[in-house]
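Trainee: sequence below, structure please.
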Amino acid sequence: MAKGRSKGRSYRAIAEYYDAENEHHAMLEQDVPFFLGHLPKSRPQRILELAVGTGRAAIPLAQAGHRVVGVDYAPDMLAIARRKRDAVALGERQLELIRGDATRLDLGRRFDWVCIFFNTFLVFTTVEEQDRVLSAVVRHMKPNGRFWVDIFQPNLTLLAQERSEDLEPRLFYVPRYQRTVLKTTDVRRDPSRQVQRVTFRYKWLDEFSREHRERQDFDLTFIFPRELRLLLERNGLEIERLYGNYDGGKLDADSPRIIAVCRFR
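Mentor: The predicted structure is shown next:
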């Protein structure tokens, strides 16, 4: 998940941690190749990625020959994306990075594809915010353009638990700070609001073996398949294809993902 803005506690990654703490997710090796498989090979596509973060998806899309514009509201994340873009010799024409808010975006341009990867749409926790994002999506789509959105399918077993603690303990190394960090995750769920309060806890030792702690709190909603369809339709978008994972399998009750390819109705 990259970065998005919300009225509540929005997801604001620690920029230098972001790539290292997420590189273990297998889905992050699968989502971009799966998306690329849906693009025509006859001509390069113009792609707008909302919440581009550190350029994890945008850079390989541009390397594949497409012209990409990535938008994020966080300057520290965009700085890393530019650093990574320059390191692989991509130019501004191939990958343009812009600071902007997805709920109010108006670039005055239209694209073949608008994309939101890695659960990022879920940081917009209210219907009003979701409508504003989808209005921006439609505003930037060509008449025959497509919208790609990828979120997790709610796990009913997990949702039945009010609180989960110390999930996914993981050590990762941050080259910028020469620091090894232990990360754990706590989740508190409020079904009445359809919101999860997520807390990332970080712990590390400095060169004097002194312990340091840091935490990050943000809200994340969850969206069911029929709910997503209704939300898209109210904003003039129709689902063309719906997948349950990156192998192209059909969405069913056991699918971990909801991946929707949409067109303007």
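Trainee: helix or strand next in line after the strand or helix carrying A62, which one?
Mentor: Using DSSP states H and E, the element containing A62 is helix 58-63. Going down the chain from helix 58-63, the next helix or strand is strand 67-72, by DSSP H and E.
Trainee: identify the residues contacting the helix or strand following that next one?
Mentor: Past strand 67-72, further along toward the C-terminus, the next helix or strand under DSSP H and E is helix 75-87. When contacts are defined by C-beta atoms under 8 Å, 6 or more residues apart in numbering, helix 75-87 is touched by residues 2-3, 13, 15-16, 18-19, 52-55, 58-59, 62, 70, 72, 95, 97, 99. Just so you know, the C-beta spots here come from the backbone N, C-alpha and C atoms, and that holds for glycine as well.
Trainee: buried ones among those residues?
Mentor: Buried members of those, scored by 16 or more other C-beta atoms under 10 Å, are 2-3, 13, 15-16, 18-19, 52-55, 58-59, 62, 70, 72, 95, 97.
Trainee: so which of these belong to strands?
Mentor: The strands, defined by DSSP state E, take in 70, 72, 95, 97 from the buried ones among the contacts of helix 75-87.
Trainee: for the second one, which non-adjacent residue is closest in space?
Mentor: Translated: D72. Spatial nearest neighbour of D72, chain neighbours left out: V52 (4.8 Å); criterion: C-beta to C-beta, 6 or more residues apart in numbering.
Trainee: show me what contacts that neighbour?
Mentor: So, once contact is read as C-beta under 8 Å, 6+ apart, V52 ends up touching 2, 58, 70-72, 77-78, 81, 97.
Trainee: would you map the strands across this protein?
Mentor: 46-50, 67-72, 95-99, 111-116, 141-152, 163-174, 179-190, 195-205, 211-221, 237-243, 257-264.
Trainee: I'd like these laid out as CSV, including distance to L39 and mean pLDDT.
Mentor: Output for these, formatted as CSV (distance: least, C-beta to C-beta, whole Å; pLDDT from 0 to 100):
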stretch, distance to L39, mean pLDDT
strand 46-50, 8, 98
strand 67-72, 12, 98
strand 95-99, 16, 98
strand 111-116, 7, 98
strand 141-152, 9, 97
strand 163-174, 32, 95
strand 179-190, 33, 96
strand 195-205, 32, 96
strand 211-221, 29, 96
strand 237-243, 13, 98
strand 257-264, 11, 97
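Trainee: quick one: low-confidence ranges for the stretch 1-150 of the chain?
Mentor: When residues are selected by pLDDT under 70, those of the stretch 1-150 of the chain lie in 1-12.
Trainee: now with 80?
Mentor: Scanning the stretch 1-150 of the chain for pLDDT under 80 picks out 1-13.
Trainee: how many neighbouring residues does R213 have?
Mentor: 9 (other C-beta atoms under 10 Å).
Trainee: how far away is it from R201?
Mentor: Distance of R213 to R201, given as C-beta to C-beta, to the nearest Å: 7 Å.
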